[in-house]
Structures are given as structure tokens and as C-alpha cells.
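[1] predicted structure and sequence below. I'll ask about it afterward.
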Amino acid sequence: MADLWVRGARLLAPMEEGDCLVREGRIAALGRVLPSAVPHGCPVLDAAGRYLAPGFIDMHVHGGGGAEFMDAEPEAIRTIAAFHAAHGTTTLFAAIVPAPVDRMRRAMAAVAEAAEPGIAGLYLEGPFVSPAKKGAFNPRWLRPPSAGALRKLVEGYQDLVKVVAFAPERPGADQLLADILAIGAVPAVGHTAANEQTMDAVAHGVRHFTHLGNAMSGLHHREPGVVGAALSSSHTTLEVIADGVHIHPAVIRLLVEFLAARGQLDRLCLITDATSATGMPDGIYQLGDQEIIARAGEVRLRDGTLAGSVLTMERAVQNTAAFAGLSPAEAVRLATANPARTLGLASRKGELTLGADGDLVLLDDDLAVWATVRAGEVVFSREGNR
């Protein structure tokens, strides 16, 4: 944790000109900070009128910069964190895909042991999901819910598991939902062919929907499907992959307009679903034990199935602002305050408030990242990555 004086910024939410003083990793002052209030020798970051926002929070990340969390290697974990920090993400969650139990646990152990700053927990995307909506997962490693199955899978790492995606139509899902709640994780509906079972799951504690519209039953005029259930469940939150591939830009706009009209835009969370191919040249990469092909901004299996993305949170915010006509402050909240609230981090992250973590991002007028700060330390700057 460090001290830092960010000088001459345009603060996002509230929108005003001012400074931000970080002391020992926490925001100590906002607005006009007098030099007399700044500790002697405190580093200075000249914002030069750029937007200052909370650091981005990406709750659903598989990898980046050529590495993935399933590699279970310390260097891979450092590479992923550094790559996404260069695109404004100060907090991310490692997404673990279905695999043999020992391999999933090795990946969990690697994240736990690395204790990499900025990686705040685990997102289990399965293995208790539907073979009918497996997406890019290897069906060999999907498992039906059973008594104690989750506990055995995450034993020793319960405190790190923050989100568990599952299919509520599978036999045993009721007990699985109870087990997810028992470890304090967010139960998420994802990779599912459910219909009416979704509303029942929401009534019993489901709070989140994994990459809305993808690998789930869609909205139909005779059946609400998972998408209809998600839109009508006002107390749940929704992920979207705003790369223009997973969801059409016009649908992003409709979704934003629908939620905004109901005063529910705080339900929408941007994610990347980024793979190891993110930030890398077109070519062949891995998602778990599945070979994926990155080409022209898309990632797919050889059969054409979408397999994650090459999206960054920087681009997700820019895209959503453009697709839906949002202001910079509105678009940024989808990547900061909303995921922070979803994950129980609102008291420390996602807002420019006194006492919050000194996780910050400086943005140009086009919302391009100019600098990233984590706990008061500049971890990326376009003037030279520190």
C-alpha cells in the first residue's frame, strides 16, 4: 500500500475537477487538495484533466496475455493480472472451467498461493452445468449436482470462491444452491437450458446470471427462458460481454434502455470472459483442455462455438458507451460500482469515496486507459509501465 497524489483530474461521480490523495492505499481526500495536506515526498501523478474513476472490476476472467488460470502457474497468474491492469482492471476474479477435479483444485490452489494483488477470488463456471448448453466446455468434465459435491471440490478454498455458476434444471440443483449459499458465494444461473426452474431458483436464492444471452435458453413468446427470467427478476444482477460478438450492439442498447427505464441500471455488470488469447496475435490457444482459435476479434472452437473472448474492460466500457449512448460516468459504473455491489465489495471498491481502496484509473476523453493505480501504486502508465 502506498501514498499518491493524483492532481488535476476530472472526477467521475461526482463529475467535478479536483484531486485525489491516497494515503496507505486508501482514499484520504477528494476535490481540492492543498499542498500542505500532502505528505512530504508523496509521489505525484499529473492527471492533466483526464477522467479519474474507480479501478475496473472484472468478475469473470479466464486469462490474458497468453496465459490462463487453468495453467496453475505463478507466472501465468502474474501475467494475467499485469495484462488486465494495463487496461484499467484493478480487481478481477479467476474463472475456473470444468476439468478433472484435481486439475480444478490445482488452479484454485495456485490462485490462493500466489496471493497476487488485484485477484480477489474465484469464479467457478461449472462443473454443475448443462450438457445441452456446454458452450466451449469439454462435456467429459461436466458433473451432475450431488450431496457434498461442491464442498469436496472447494475444500480449503471456500473463502476464495465468490461466484458459482450452475444449471438449476439438473437433478440435485436445489441442494447445490443451498451449498453455494452456505459457503457465502453468489449463486449464478449459467450454461443452462432451464425454463420455469429459473424462477424457482431465483425465489430460493439465485442472485446473478452468467453472461446473459450466451449458453442459456433465450426469450421466446411462449416461454420466458432464462433471459426472460433474468430480465424480470428485479433483485438479481446480470453479466454481459460487450464485445459486439456475444451480444449484438442493438441488443445491448435495448437491454440498457429496458433497465434504465425501470431504474435498474445498477443490475448490469460488464465482464470480459477474457481468454489466454486476449492481447495476443491470432492463433491457437487453450481454454482448459479445449483448443481455441482466435481470429479477427473472436475466439471459437474448431466447430465454430464461441469460446470466451479477447475483450478487455477498457474496450467493454468504450463499446457499451458507444452501443447504448451512455455518458462516461454511466458506462464506467457498469464496470465499477455495479460489480462491487454484486460481490459485496461496495464498502471498499467501485466508488470514489473517502476510505475506499486507492484503486483508480485515469481515462482519456475516449475512455482509453492512461494510467492504472492499485492501492496507491501506479501499476500501469502509458508514459511507461511501472
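    Perfect, I can see it now.

[2] which SS state does Val22 fall under?
    Assigned with DSSP: H, G, I helix; E, B strand; the rest coil, Val22 falls in the strand class.

[3] next up, the contacts around the closest residue to it other than its chain neighbours.
    Computed as C-beta to C-beta, 6 or more residues apart in numbering, the closest residue to Val22 that is not its neighbour in sequence is Gly358, at 3.5 Å. The way it works is simple: take the backbone N, C-alpha and C, and place the C-beta from them, glycine included. Residues counted as contacts of Gly358 (C-beta atoms under 8 Å, 6 or more residues apart in numbering) are Met1, Ala2, Leu4, Cys20, Val22, Gly25, Arg26, Ile27, Val373, Arg374, Ala375, Gly376.

[4] can I get these in JSON lines with secondary structure, pLDDT and neighbour count?
    Formatted as JSON lines, these follow (DSSP: H, G, I helix; E, B strand; the rest coil; pLDDT from 0 to 100; neighbours: other C-beta atoms under 10 Å):
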{"residue": "Met1", "secondary structure": "coil", "pLDDT": "80", "neighbour count": "14"}
{"residue": "Ala2", "secondary structure": "coil", "pLDDT": "93", "neighbour count": "16"}
{"residue": "Leu4", "secondary structure": "strand", "pLDDT": "97", "neighbour count": "23"}
{"residue": "Cys20", "secondary structure": "strand", "pLDDT": "96", "neighbour count": "24"}
{"residue": "Val22", "secondary structure": "strand", "pLDDT": "97", "neighbour count": "27"}
{"residue": "Gly25", "secondary structure": "coil", "pLDDT": "97", "neighbour count": "18"}
{"residue": "Arg26", "secondary structure": "strand", "pLDDT": "97", "neighbour count": "18"}
{"residue": "Ile27", "secondary structure": "strand", "pLDDT": "97", "neighbour count": "23"}
{"residue": "Val373", "secondary structure": "strand", "pLDDT": "98", "neighbour count": "27"}
{"residue": "Arg374", "secondary structure": "strand", "pLDDT": "98", "neighbour count": "24"}
{"residue": "Ala375", "secondary structure": "coil", "pLDDT": "97", "neighbour count": "20"}
{"residue": "Gly376", "secondary structure": "coil", "pLDDT": "97", "neighbour count": "27"}
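
[5] where does the prediction get shaky in the chain?
    Applying pLDDT under 70 to the chain flags the ranges 13-15, 384-386.

[6] put the alpha carbons of stretch 144-152 into CSV.
    Extracted C-alpha coordinates of stretch 144-152, given in CSV (Å, rounded to 0.1, in the frame of the first residue of the first chain):
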residue,chain,number,x,y,z
PRO,A,144,-24.5,-33.6,-12.0
PRO,A,145,-25.0,-31.9,-8.6
SER,A,146,-24.8,-34.4,-5.8
ALA,A,147,-24.8,-34.2,-2.0
GLY,A,148,-21.5,-32.7,-0.8
ALA,A,149,-20.0,-32.4,-4.4
LEU,A,150,-19.3,-28.7,-4.1
ARG,A,151,-17.9,-29.0,-0.6
LYS,A,152,-15.4,-31.6,-1.8
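
[7] residues contacting stretch 71-85, please?
    Here stretch 71-85 has contacts from 58, 61, 63-69, 92, 94, 103, 106-107, 109-111, 113-114, 116-119, 272, 274, 278-279, 312-313, 372, 374, 379-380, using C-beta under 8 Å, 6+ apart.

[8] picking that back up, which two among the contacts of Gly358 are spaced furthest apart?
    Within these, Met1 and Cys20 form the most distant pair, 15.1 Å apart (C-beta to C-beta).

[9] follow-up on the earlier one: need phi/psi at the residue nearest to Val22.
    phi -80, psi 50 (degrees, to the nearest 10).

[10] please enumerate the helices of this protein.
    Along the chain, the segments classed as helices by DSSP state H run 74-85, 101-114, 149-154, 173-182, 196-203, 225-232, 249-261, 313-324, 328-333, 337-342.

[11] among the ones you listed, which comes closest to Val129?
    Nearest to Val129 among these is helix 173-182 (10.3 Å), distances taken as C-beta to C-beta.

[12] got the buried residues for that closest one?
    Of all the residues in helix 173-182, those buried under the rule 16 or more other C-beta atoms under 10 Å are Ala173, Leu176, Leu177, Asp179, Ile180, Leu181.

[13] cool, stretch 293-305 as well?
    Neighbour-count burial for stretch 293-305 flags Ile293, Ala294, Glu298, Val299, Arg300 (criterion: 16+ other C-beta under 10 Å).
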